[in-house]
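Asks: Following is a predicted model, sequence given first.
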Amino acid sequence: MHDSCPVDETDLSLVHALQIRPRIAWARLARVLEVDASTLTRRWARLERDGLAWFSTYPVAGPGWTGHDWHAGAFVEVECLAGARDAVMARLARRRAVWNIDATSGRRELMLTVLAPSILALDEEVAADIATLPGVRATRTHFFRRIIREAASWRLDSLSPAQQRALGPGDARTRQPLGTRDLELLRLLGPDARLPATAVAARLGCSVSTASRAIRRLLANEHVSVRCEVAHHAAGWQVAATLWLDVAQRELTSVATAISRLPEIRLCVTVGSAANLVVQVWLHRMEDLDGFEEHLAAGFPGTRVIDRWITPRFGKRLGHVLRPDGRRTGFVPFVAPADG
């Protein structure tokens with residue numbers, strides 16, 4: 001850190017706890033962390049204010065998905081004209097369909113995560129709205145086949161096992177279609193899973209008790225995920241890498257499932273490309289990538305790394321616009337307003 005607001009071990013423990021139980025009461029969390037509730041409240045307010053930690057609440061597709069606009073996803077490589085990368089990132093950040101923007105190494109300047117209602121709609125988004133932006137030279141699209149793991153399950157690992165158990169179990173997960181009211185609530189909670197029920201009630205025009213039940217029901221839905229995110233550089237993760245793997249098709253499901261359980265993994269997805277499996281990892285140091293790849297080679301013989309990209313900077317993560325140092329500066333909703 002280079003300023004007066006460092007992320008210390010208590011901050012990391014706080015974020016880890018909120019990754020597990022996003023809406024846990026401060027008083028209960030105070031007992032687990034053995035830190036005064038008012039201190040935790042002030043710390044979280046500072047982390048949010050300084051862009052060091054934040055929430056993302058977002059829809060996820062899956063079996064029985066009958067939600068809104070996310071039936072197809074892809075990684076989209078973007079090549080930029082010389083000197084145009086930052087301007088292109090700023091333009092892309094305003095697009096609702098562009099959920100993530102990674103500045104990467106290699107022949108492309110950017111890698112986007114794009115979601116759309118269908119493969120055809122996603123192709124149109126890329127061809128008409130991304131490839132035509134000033135400063136864009138070329139694009140390449142790699143469609144998702146199946147998401148094995150996404151970063152909602154990634155943890156800081158700052159709490160002891162006993163502390164994690166003390167947080168208690170969350171609500172039992174259900175799988176229900178997302179209705180119009182659910183999507184409006186999802187829009188409200190998108191940048192802040194801890195938004196008070198009183199604020200939700202005022203926005204939705206209902207009672208506080210009704211809002212509380214709706215929030216609890218939505219966050220227990222398997223079609224909704226919540227992340228408590230952290231500015232990775234400030235928290236000690238200096239390296240983000242994307243590995244493109246070639247796995248024998250008969251072993252793809254078993255290998256992908258096993259790799260997805262590794263603690264370094266932020267994302268594991270099968271794709272329709274020269275590679276058939278893509279994993280994204282966060283590491284503390286560049287040299288840690290050697291050890292990680294050696295582990296893959298030893299544990300999964302026959303799995304070949306086709307390409308590897310380093311991401312020195314994230315421009316956007318799940319709708320949150322980020323500074324070069326990884327701090328949050330704003331939010332672009334991915335759920336459209338109810339009126340369109």
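Replies: Looks like it arrived, so ask away.
Asks: So V269: helix, strand or coil?
Replies: strand (DSSP: H, G, I helix; E, B strand; the rest coil).
Asks: Am I right that it is in contact with F144?
Replies: Yes: with contact defined as Cβ atoms under 8 Å, V269 reaches F144; the gap is 5.4 Å. For every residue, glycine as well, the C-beta is placed using N, CA and C.
Asks: shared neighbours, the two?
Replies: By the contact definition Cβ atoms under 8 Å, 6 or more residues apart in numbering, V269 and F144 are jointly contacted by no residue.
Asks: Name the residues of the helix-or-strand element of the chain with minimal mean pLDDT that are buried.
Replies: In the chain, the helix or strand scored least confidently by mean pLDDT, DSSP states H and E is helix 180-189, which has a mean of 91. For helix 180-189, the buried set under the neighbour-count rule, 16 or more other Cβ atoms under 10 Å, comprises 182-189.
Asks: Return the member of these nearest to G302.
Replies: G302 lies nearest to L186 out of those, by Cβ to Cβ, at 41.2 Å.
Asks: With adjacent residues omitted, what lies nearest to that closest one?
Replies: V335 (5.4 Å; Cβ to Cβ, 6 or more residues apart in numbering).
Asks: Is the one you found in contact with L188, as I believe?
Replies: No: counting by Cβ under 8 Å, V335 stays clear of L188, with 9.1 Å between them.
Asks: show me the contacts for the residue lying closest to H320 once chain neighbours are set aside.
Replies: For H320, ignoring the flanking residues on the chain, the nearest one in space by Cβ to Cβ, 6+ apart is R328 at 4.9 Å. Contacts for R328 (Cβ under 8 Å, 6+ apart) come out as 51-52, 54, 229, 231, 320-322.
Asks: from these, which two are the most distant?
Replies: L52 and V321 (14.8 Å).
Asks: So L133 sits against R94, correct?
Replies: No: here L133 lies out of contact with R94, judged by Cβ under 8 Å, at a distance of 10.5 Å.
Asks: the more surrounded of these two?
Replies: L133 (16 against 11; other Cβ atoms under 10 Å).
Asks: Okay, strands next: where are they in the stretch 1-150 of the chain?
Replies: All strands of the stretch 1-150 of the chain, identified by DSSP state E, counting those that start in this stretch, fall at 53-59, 72-80, 98-103, 110-116, 136-149.
Asks: Determine which of these approaches L283 most closely.
Replies: Among those, strand 98-103 sits nearest to L283 (Cβ to Cβ), with 14.9 Å.
Asks: what angle separates the closest one from strand 110-116?
Replies: Angle between the axes of strand 98-103 and strand 110-116 is 170 degrees (criterion: axes from the mean of the first three to the mean of the last three Cα atoms, to 10 degrees).
Asks: Give me the distance from strand 98-103 to the chain's centre.
Replies: Centroid separation between strand 98-103 and its chain, computed with Cα atoms, centre = their mean, to the nearest Å, is 10 Å.
Asks: Each with direction, which strands does that strand pair with?
Replies: Strand 98-103 has the following strand partners under DSSP bridges: strand 110-116 (antiparallel), strand 313-317 (antiparallel).
Asks: what's downstream of the shortest one, the next helix or strand?
Replies: Going down the chain from strand 313-317, the next helix or strand is strand 320-322, by DSSP states H and E.
Asks: buried set for that following strand?
Replies: 320-322.
Asks: Kindly report the same for stretch 237-253.
Replies: Buried residues in stretch 237-253 (16+ other Cβ under 10 Å): 237, 239-247, 252.
Asks: Now, those residues that are in helices?
Replies: L252 (DSSP state H).
Asks: Quick one: the buried residues of stretch 237-253 as JSON lines, columns for distance to V224 too.
Replies: Conversion of the buried residues of stretch 237-253 to JSON lines gives the following (distance: Cβ to Cβ, whole Å):
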{"residue": "W237", "distance to V224": "26"}
{"residue": "V239", "distance to V224": "30"}
{"residue": "A240", "distance to V224": "25"}
{"residue": "A241", "distance to V224": "28"}
{"residue": "T242", "distance to V224": "26"}
{"residue": "L243", "distance to V224": "28"}
{"residue": "W244", "distance to V224": "29"}
{"residue": "L245", "distance to V224": "29"}
{"residue": "D246", "distance to V224": "33"}
{"residue": "V247", "distance to V224": "30"}
{"residue": "L252", "distance to V224": "27"}
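Asks: quick check, nearest of the buried residues of stretch 237-253 to A82?
Replies: T242 (23.1 Å).
Asks: can you tell me how far that closest one sits from T113?
Replies: T242 sits 11 Å away from T113, taking Cβ to Cβ, to the nearest Å as the criterion.
Asks: try E150
Replies: E150 is 10 Å from T113, by Cβ to Cβ.
Asks: show me what contacts the residue nearest to R91 when sequence neighbours are not counted?
Replies: Spatial nearest neighbour of R91, excluding adjacent residues (Cβ to Cβ, 6+ apart): L133 at 5.3 Å. With Cβ under 8 Å, 6+ apart as the criterion, the residues that contact L133 are 88, 91-92.
Asks: sorry, back to before: distance to I265 and pLDDT for the buried residues of stretch 237-253 - can I get that in a markdown table?
Replies: Shown next, in a markdown table, are the buried residues of stretch 237-253 (distance: Cβ to Cβ, whole Å; pLDDT from 0 to 100):
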| residue | distance to I265 | pLDDT |
| --- | --- | --- |
| W237 | 13 | 90 |
| V239 | 14 | 92 |
| A240 | 12 | 95 |
| A241 | 11 | 96 |
| T242 | 11 | 97 |
| L243 | 10 | 97 |
| W244 | 14 | 97 |
| L245 | 12 | 98 |
| D246 | 18 | 97 |
| V247 | 15 | 97 |
| L252 | 16 | 96 |
